[in-house]
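> coords please:
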Amino acid sequence: MQVQRGELAETDFMSGIEAYVKAIVLSNTAPKPEYSALFPEAKKKIAAIGKCPRCGCAVREGVKGFFCDSRDCGFKLWKDSKFWTAKKKPLTAAIVTRLLADGKVALKDLYSEKTGKTYSAVVSLDDDGGKYDNFKMEFTPGKAKR
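Numbers count the residues shown, from 1 in each chain. As a prediction, the model looks like this:
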């Protein structure tokens, strides 16, 4: 009614609505237990596979990758990242578990785009706190590529 009477600007009214909706959504991220039966399609909590290297929260597997529970943190490892697809090695829960626990994992049969051959290397997580998942590789001296 205030907008209709010219006592309140439309943009101020809409800003108030936006702030209200954001507050409601942020304060209600999960259904109350007594209403959980209304959401049968809701995912059950997936077991954590490790702790986030940035904030220490749990990291869980999703359909497209592995994600930190904390929305503020933003840590994620994508299953289809260029690093893993170029190496023709799927990013699995076992690999991510080792990366989160030890910071590195020894892998065999990594594909080289340059030579077309496979090789072994130690892949380490190089988390710079940025948007992208970064990895470094260490090669064992004296071991020939296959």
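
> And the helix or strand bottoming out on mean pLDDT in the chain, what does it pack against?
Among the helical and strand segments of the chain, the one scoring lowest on mean pLDDT, DSSP states H and E is helix 10-27, with a mean of 86. Under the contact definition 3 or more CB pairs under 8 Å, 6 or more residues apart in numbering; DSSP states H and E, helix 10-27 sits against helix 2-5. Backbone N, C-alpha and C define where each C-beta goes, glycine included.

> so what does the helix it packs on touch, helix or strand wise?
helix 10-27.

> got any ranges where the protein has weak pLDDT?
28-45, 129-132, 141-146 (pLDDT under 70).

> Domain boundaries for it, per the record?
For the chain, automatic domain parsing gives the domain ranges 2-38, 50-138.

> Lys104 bridge partners, please.
Ser124 (DSSP bridges).

> What count of nearby residues applies to it?
By other CB atoms under 10 Å, the residues close to Lys104 number 18.

> who are the neighbours in contact with it?
By CB atoms under 8 Å, 6 or more residues apart in numbering, Lys104 lies in contact with 98, 122-125, 138.

> now, among these, which is nearest to Ile17?
Proximity of those to Ile17 (CB to CB) peaks at Leu125, which lies at 42.4 Å.

> Is it correct that the closest one is in contact with Phe135?
Yes: using CB atoms under 8 Å, Leu125 is in contact with Phe135, at 6.4 Å.
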